[in-house]
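A.B. asks: Show me how the following folds:
(one chain, ligands or ions: 1)
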Amino acid sequence: ELGQFRHYMQKEIFEQPQALGNTLEMITGGGGAASQHFGARAPEVFDGVRRVLVLACGTSYHAGLVARYWIEAIARLPVTVEIASEYRYRESVPDRDTLVVVISQSGETADTLAALKHAKSLGMERTLAICNVPESAIVRETALRFITRAGPEIGVASTKAFTTQLAAFALLTLALAKINGRLTEADEERHLAALRHLPVAVQKVLELEPEIEKWAQRFAGKEHALFLGRGSHWPIAMEGALKLKEISYIHAEAYAAGELKHGPLALVDKDMPVIAVSPADELLEKLKSNLQEVRARGGELYVFADAGSEIPESEGVHILHMPEHYGMLSPVLHVIPLQLLSYHAALVKGTDVDKPRNLAKSVTVE
Ligand code: F6R
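C.D. replies: Prediction:
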């Protein structure tokens, strides 16, 4: 069943073009950003929505964090993203005009399900599940649903589920923007074209595997790593750190690059590798100066840079060139080398990649 692959995690990383193509099927034949993609009742549920609350755990929570940048910038709705286990026990202020989005690969995560029920008990009826399992408990509890079509995910570390969640959020962003009158036809077409091309773009990034394998050799001996990103790539840095921790047992933390000098810079020395998610976007110049701060303290830099970012390779600065900048959807591309990095670091270390110690695929206990 594994075919040419050594582990499910590797197979699932390489299935991402297909998983994305399947998830985005409704737009590939020329379909638009219709709210109906979220269920027949979507136009009525979305109408009058004034804010969005995303509830999730782990990797799914990171997908929500990326979506926050998209929905606020494009649909112009305020977004809160909260860890389900925090939300459910907190005295929050409910608001009926909020669209509650629960996001879960399995649809069975106990805290996410409980957070959803909590939101409903507070009178919030506008609910949407983004989920990979159509018959799951979470999907049965929401007014609307979007089923990602990643296919079964066997590896404990979520990979293809995450990128398909991002694809679902991209469609949600466009649907909400459209309903809010924030999306011109030209912009809609531009975003849809980028989504339709996404499987091909992901395929190109997967071809970087041999280079990433070399980096992983150097990483496997490290005990700690810092991940940096800005904007919608900060949650990608968080996801990269989570993957490295859970699969290779290397302690990793992610920071918004601008936070470095407010504390974590004290950790940086020659033994602390720093991984930078470095798309060629409008924050690149800011990120570059953060990277200089790291270099000045002797930290070794591993930079995932889009072609055209003009960050020169030098002593202690390793660059991996990604294909050109992919606009709003760039986080989908940038997470892929981080998945591959943690996978290959784990291989070098000899950990049980598909079943890391102490973890379960679906967390049905609180
Ligand atoms: C990390 C991972 C977990 C899950 C989390 C939520 O690789 O897989 O962090 O993302 O347990 O699971 P779902 O998405 O099934 O609710």
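A.B. asks: need the next SSE after the helix or strand harbouring E213, C-terminal direction.
C.D. replies: Applying DSSP states H and E as the criterion places E213 in helix 209-219. Using DSSP H and E, the helix or strand that follows helix 209-219 towards the C-terminus is strand 224-229.
A.B. asks: Report the rounded mean pLDDT for that next one.
C.D. replies: Here strand 224-229 scores 96 as its mean pLDDT.
A.B. asks: packing partners for it?
C.D. replies: helix 234-248, strand 251-256, strand 273-278, helix 284-296 (3 or more Cβ pairs under 8 Å, 6 or more residues apart in numbering; DSSP states H and E). In short, each C-beta sits where N, CA and C put it, glycine included.
A.B. asks: and the angle for the last one with strand 224-229?
C.D. replies: Using axes from the mean of the first three to the mean of the last three Cα atoms, to 10 degrees, the interaxial angle of helix 284-296 with respect to strand 224-229 works out to 160 degrees.
A.B. asks: Show me what residue of the stretch 251-366 of the chain gets nearest to the ligand.
C.D. replies: Relative to the ligand, the nearest point of the stretch 251-366 of the chain is V363 (4.8 Å; Cβ to the nearest ligand atom).
A.B. asks: Which residue comes closest to that residue once chain neighbours are left out?
C.D. replies: Leaving out its chain neighbours, the residue that sits closest to V363 by Cβ to Cβ, 6 or more residues apart in numbering is T109, at 5.4 Å.
A.B. asks: That neighbour and K361 touch, don't they?
C.D. replies: No - with contact defined as Cβ atoms under 8 Å, T109 and K361 do not form a contacting pair (10.4 Å).
A.B. asks: more neighbours, these two?
C.D. replies: T109 (28 against 16; other Cβ atoms under 10 Å).
A.B. asks: Return the residues in contact with that one.
C.D. replies: 57, 60, 84, 138, 362-364 (Cβ atoms under 8 Å, 6 or more residues apart in numbering).
A.B. asks: ok, now F46?
C.D. replies: Contacts of F46 by Cβ under 8 Å, 6+ apart are 35, 38, 99, 126, 175-176, 179.
A.B. asks: Contacts only, for the spatially most central residue of the chain.
C.D. replies: For the chain, the residue nearest the mean C-alpha position is A63 (3.9 Å; Cα atoms, centre = their mean). Contact partners of A63, counting by Cβ under 8 Å, 6+ apart, are 56, 103, 130, 162, 165-166, 169, 235.
A.B. asks: Pull the most distant pair out of those residues.
C.D. replies: In terms of Cβ to Cβ, the contacts of A63 reach their longest pairwise distance at I130 and P235, which sit 15.5 Å apart.
A.B. asks: more neighbours, these two?
C.D. replies: I130 (33 against 26).
A.B. asks: Check the protein for the residue nearest the ligand and tell me.
C.D. replies: G58 (1.9 Å).
A.B. asks: Show me what the mean pLDDT comes to for the host helix or strand of P43.
C.D. replies: For P43, the host element (DSSP H and E) is helix 42-46. The pLDDT scores in helix 42-46 average 96.
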